[in-house]
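Trainee: below is the structure, and that's it, no one-letter string:
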């Protein structure tokens, strides 16, 4: 296989969401002497961009998107050790987590995956994340945006708490805050002073892009 | 009813899959109390999970009671669980409501909760009251405040959802104050309390701890996880039903290990997702068909059950909400369930609507009528009557048999729907949603709820005060 052929087939494997084929072809590309960053940009990222386009046009659904992202990740993981000294370009860094007392994460995970496939670097703190942990990680990672998720009617108050602590710590103007979760609406976002809210994952990406562009 | 969605052989297959899930995969919990309870009573630790040997499950299934009762402040509203009466329950926890005057969606307030409960109290075919979610009440005491608001505005039985364990003591105190003490509450529970573990198979700290508190307080427990097909459960309806059955049975088993014979309710809620937007759907037909399958499992075990009947994706009280709610309610009702939840809800159970509650009262009435079935007797088969009418060259209108059974209620009388001639209807030309809104307004201004005694009311205020103080809200 020529280098071009390997990269074309690798792109297709990402579009198909076939992670084992992606690993195999990524290794082939490395063995053929293709630069790791070229593999990422001309095959893996290209593939996921097409997945995103298919999703946008309604041809693909969430499982296609998640499998595509998983396949891309498998390739990137293989290349990471070879990337020393070079760095990938991201739209921005997003820190996400579900609030303390809440273990619901499927919505957060979907938004996180959509952001990844749209070119953001996503750091996921998981579930049951106390305000203090958000603050600590914001100081450490300096994200452009944080995404705070809550599903339970008894835990959405934690979103307000985190914003208050951010203000107390003098960090509020250094990071944009997005909130989400089934019981959340724009009125709540306005009330607690969040910068962004979206009612679905697609809109979340759009808003995140706007917030990063404005920051 | 005697309808079946799964065949007997299929029910057994789902049961075997359920036992395999519990025995091989088991649950995870962060509650030390639940873990200790399970492990000390025959379940096994396997890595960080707890697995359930089939004999432990089967034994628990045999001690769970087949019937029990839940009471309202007024005894005439008593619920008989295990009799498949398909009582209608108002939707829990909606953060939004459609304003009755403007028709616009907005945040729920405590006043809305009071009005909504009062309306439900007035509606004949709404039998169980659950709280919508007021946004102007401190989070730390939310369920306690909701419970007090409900008790003040209805004499019907309550269904409470315990999303956190820290309020359990206040909730029990509140209910006991109204019942006349903790023993009286155990004898005649004024509520059943449900906990919602996470799918797949995760008993988080709060629901797990609350589960134990509820059983210890002697109140009927409901187990209500909500998996979504293809995201927090398998994509296949039957796979999701099996996983869901296992996560519910884990809670049933826990209740029986803690107190054999304690009342427990299986509350399956297999939901699904819009695979384009990720929005959670409580729409049809998947919700209704999955409920039918899950309820058939509960029927197989002989354990009382609830299903979400009155739900859909429609955003206003209209034709879509009407057909969605009727489909999702009728499917599990035909299999045989005790409670159909989410009455009055819109937008995948995120919004409540006064007009929709009035429409669901209508649907509940027809569901009640349907599950009554028919009595097949010689007199009702009316062969003699047919002969007499034919012989006399008359018609059935003038036969006493007709009058007798008309009076006995052979025809359903819609509480809301229109059946006038076209011309009479056209004088006002009203759509059902408008009629429903008018009826809601009328009931809200005229309906009187039997108040709590001054002494009990003051006691509830004291409990709320204590809850506020202990949560450091002043």
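Mentor: Perfect, I can see it now. Values in this document were obtained by computation on a predicted structure and should not be read as measured data. Residues are numbered from 1 along each chain as shown, chains lettered A, B, ... in the order given.

Trainee: could you check the pLDDT of residue B:321?
Mentor: Note for residue B:321: predicted pLDDT of 98.

Trainee: which strands or helices does the helix or strand it falls within pack on?
Mentor: Residue B:321 is located in helix B:319-335, with elements delineated by DSSP states H and E. Packing partners of helix B:319-335 (3 or more CB pairs under 8 Å, 6 or more residues apart in numbering or on different chains; DSSP states H and E): helix B:286-301, strand B:339-343, helix B:354-372. Quick note: C-beta positions are derived from backbone N, CA and C, even for glycine.

Trainee: okay, the ones you listed in JSON lines with mean pLDDT next?
Mentor: Supplementary listing: the helices and strands packed on helix B:319-335 in JSON lines, determined by pLDDT from 0 to 100:
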{"stretch": "helix B:286-301", "mean pLDDT": "98"}
{"stretch": "strand B:339-343", "mean pLDDT": "98"}
{"stretch": "helix B:354-372", "mean pLDDT": "97"}
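
Trainee: for the closest residue to residue B:321 other than its chain neighbours, pull up the helix or strand it's in.
Mentor: Using CB to CB, 6 or more residues apart in numbering or on different chains and skipping the chain neighbours, the partner closest in space to residue B:321 is residue B:314 (3.7 Å). Under the criterion of DSSP H and E, residue B:314 resides outside all helices and strands.

Trainee: residue B:314: neighbour count?
Mentor: 22 (other CB atoms under 10 Å in any protein chain shown).

Trainee: so what's it up against?
Mentor: Applying CB atoms under 8 Å, 6 or more residues apart in numbering or on different chains to residue B:314 gives the contacts B:320, B:321, B:324, B:346, B:347.

Trainee: contacts for the helix holding residue B:321?
Mentor: B:1, B:3-5, B:86, B:88, B:282-285, B:287-289, B:291-292, B:294-296, B:299, B:305, B:307-314, B:340, B:346, B:356, B:359-360, B:363-364, B:366-367, B:370-371, B:432.

Trainee: can you tell me which of these are buried?
Mentor: Neighbour counting by 16 or more other CB atoms under 10 Å in any protein chain shown classes B:4-5, B:86, B:88, B:282-284, B:287-289, B:291-292, B:294-296, B:299, B:305, B:307-314, B:340, B:346, B:356, B:359-360, B:363-364, B:366-367, B:371, B:432 among those as buried.

Trainee: report the buried residues of the helix holding residue B:321.
Mentor: Those would be B:320-322, B:324-335, for helix B:319-335 by 16+ other CB under 10 Å.

Trainee: closest to residue B:58 out of those?
Mentor: Nearest to residue B:58 among these: residue B:335, at 22.4 Å, using CB to CB.

Trainee: now the closest one. Nearest residue, chain neighbours left out?
Mentor: residue B:295 (4.5 Å).

Trainee: tell me how far the one you found lies from chain A.
Mentor: 24 Å (CB to the nearest CB, to the nearest Å).

Trainee: what's near enough to touch that residue?
Mentor: Residue B:295 touches B:268, B:305, B:307, B:332, B:335, B:336, B:337, counting by CB under 8 Å, 6+ apart.

Trainee: and for residue B:213, nearest residue in space, chain neighbours not counted?
Mentor: Using CB to CB, 6+ apart, the nearest residue to residue B:213 is residue B:168, at 4.1 Å.

Trainee: isn't that neighbour up against residue B:215?
Mentor: No. Counting by CB atoms under 8 Å, residue B:168 stays clear of residue B:215, with 11.0 Å between them.

Trainee: partners of the most centrally placed residue in chain B in the sheet?
Mentor: For chain B, residue B:341 is the residue whose C-alpha lies nearest the centre (CA atoms, centre = their mean; 3.3 Å). In this entry, residue B:341 is beta-bridged to residue B:308, by DSSP bridges.

Trainee: same question for the one 10 residues further on.
Mentor: Residues found in beta-bridge contact with residue B:351 (criterion: DSSP bridges) are residue B:96, residue B:346.

Trainee: which residues touch the closest residue to residue B:354 other than its chain neighbours?
Mentor: Leaving aside its sequence neighbours, residue B:354 sits nearest to residue B:440 (CB to CB, 6+ apart; 4.0 Å). Shown in contact with residue B:440 (CB under 8 Å, 6+ apart): B:100, B:119, B:354, B:355, B:357, B:358.

Trainee: quick one: pLDDT of residue B:440?
Mentor: 98.

Trainee: cool, and residue B:21?
Mentor: Residue B:21 is given a pLDDT of 98.

Trainee: what do you get for the one 5 residues further on?
Mentor: Looking at residue B:26, its pLDDT reads 98.

Trainee: count of neighbours near it?
Mentor: For residue B:26, using other CB under 10 Å, the count is 22.

Trainee: surely it and residue B:201 touch.
Mentor: Yes. Using CB under 8 Å, residue B:26 is in contact with residue B:201, at 7.1 Å.

Trainee: quick check: the residue nearest to residue B:354 is in a helix.
Mentor: Yes. Assessed with DSSP: H, G, I helix; E, B strand; the rest coil, residue B:440 lies in a helix.

Trainee: wait, what's in contact with residue B:310?
Mentor: B:88, B:91, B:325, B:328-329, B:340-345, B:360, B:363-364.

Trainee: repeat the analysis, applying 10 Å as the threshold.
Mentor: Residue B:310 sits next to B:88-91, B:126, B:282, B:321, B:324-326, B:328-329, B:340-345, B:349, B:356-357, B:359-361, B:363-364, B:367 when contact means CB atoms under 10 Å, 6 or more residues apart in numbering or on different chains.

Trainee: with residue A:208 instead?
Mentor: Per CB under 10 Å, 6+ apart, neighbours of residue A:208: A:91-92, A:94, A:111, A:114-115, A:118, A:120, A:144-145, A:147, A:176, A:178, A:195-196, A:198.

Trainee: again, 8 Å this time
Mentor: A:92, A:94, A:115, A:120, A:145, A:147, A:178, A:196.

Trainee: could you confirm it falls within a strand?
Mentor: No. Counting by three-state DSSP, residue A:208 is not found in a strand; it is helix.

Trainee: distance of it from chain B?
Mentor: 15 Å.
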